[in-house]
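# sequence first, predicted model second:
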Amino acid sequence: MKFCSLKEAKQAIREHAILNGRQVEFVKMDKVRVRAVCKKRCGFIILVSKVGSCHSFRVKTLVYVHQCARVFNNKNANIEWVSKVVMDKFRNVGNMSANEIMDDIKKSHNIEISPWTALQAKHRALDVLEGDATKQYSLLFDYMAELRRVGSGTTCKIKFSEPIPNFQPRFEIFYMCLDGCKKGFLGGCRPFIVVDGCHLKTKYGGQLLVAVGRDPNDQYFPLAFAVVENECKETWRWFLTLLLDDIGDMQTNRWVFISGQQKV
């Protein structure tokens with residue numbers, strides 16, 4: 001068996017040990033080889049080393065003898081391994097609590113993990129799937145520039161506040177109306193606009209304001225979005241003012257706005 005890197009080989013050895021209910025430890029790890037043995041020293045040993053002048057690694061020694069009993073509290077099931085298992089679950093069933101993760105790992109792999117491991121694995125999996133919120137906020141200007149580059153008619157507005165001079169600005173509001181959504185709404189949708197808001201269950205919270213239309217097939221057509229700190233008259237006024245600037249004000253076009261199943 002060949003591997004592209006020693007990291008990949010180490011992950012494969014750990015995965016094999018967990019699935020077979022054994023616990024191994026790595027007694028040798030350098031740039032060209034990795035050696036693992038059974039933690040109970042029952043005779044199992046595996047050695048993976050570099051293949052000559054190639055950039056691949058191969059299993060050179062394998063003594064597949066386990067005389068020890070199955071391990072239920074396997075330390076090889078660390079945060080990195082649990083996060084990969086949890087990540088696959090999140091793609092199918094959505095979010096899970098730490099207790100649900102512990103029960104699922106116990107049922108599927110017959111391994112007991114601690115609540116701390118389950119919680120940390122959950123956070124790591126969510127960071128991979130949803131991204132780091134702090135880094136995403138710092139890339140907002142790059143995101144706006146890219147949207148305007150690919151669509152000249154795209155409207156992006158962002159508002160910051162600077163509570164203390166010489167301090168890092170604080171995010172307040174972000175508005176986006178894509179060029180394709182704008183043209184599609186004006187070209188083929190009915191003059192009805194539904195507006196609503198929902199909470200963002202992220203690290204920094206906030207609320208998402210949306211405006212959608214109805215296409216000729218009676219399907220929802222996305223029009224504009226805004227991320228605000230809280231839903232109030234001022235944020236709604238700011239959002240609707242920018243929206244009317246994009247699609248035309250009430251004097252130019254006759255729009256019907258619907259909010260909470262009532263016309264406004």
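Here it is on my side, so go on.

# let me see the ranges of the helices in the stretch 151-264 of the chain.
Assignment of helices within the stretch 151-264 of the chain using DSSP state H, counting those that start in this stretch yields the ranges 179-188, 233-247.

# any chance of TSV for those helices, columns mean neighbour count?
Backbone N, C-alpha and C define where each C-beta goes, glycine included. Output for these, formatted as TSV (neighbours: other C-beta atoms under 10 Å):
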stretch	mean neighbour count
helix 179-188	16
helix 233-247	16
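
# nearest to L139 among those would be which one?
Proximity to L139 (C-beta to C-beta) singles out helix 179-188 among the helices of the stretch 151-264 of the chain, at 20.7 Å.

# tell me the centre residue of the protein?
E130 (1.6 Å; C-alpha atoms, centre = their mean).

# shouldn't Q207 be in contact with F225?
No: judged on C-beta atoms under 8 Å, Q207 makes no contact with F225 at a distance of 11.2 Å.

# hmm, back to that, count of neighbours near the nearest residue to the residue nearest to the centre of the chain once chain neighbours are set aside?
Among residues not flanking E130 along the chain, T202 sits closest, at 7.6 Å (C-beta to C-beta, 6 or more residues apart in numbering). Residues within reach of T202, counting by other C-beta atoms under 10 Å, total 13.

# and the pLDDT for T202?
With respect to pLDDT, T202 has a value of 74.

# list phi and psi for it.
phi -120, psi -180 (degrees, to the nearest 10).

# need the helices of the stretch 151-264 of the chain in a markdown table (columns: distance to A125).
Listed next are the helices of the stretch 151-264 of the chain as a markdown table, based on distance: least, C-beta to C-beta, whole Å:
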| stretch | distance to A125 |
| --- | --- |
| helix 179-188 | 32 |
| helix 233-247 | 32 |
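
# can I get those in a markdown table including mean pLDDT?
Formatted as a markdown table, these follow (pLDDT from 0 to 100):
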| stretch | mean pLDDT |
| --- | --- |
| helix 179-188 | 89 |
| helix 233-247 | 89 |
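
# residue contacts, F185?
Taking C-beta atoms under 8 Å, 6 or more residues apart in numbering, we find F185 in contact with G213, F221, L223, I247.
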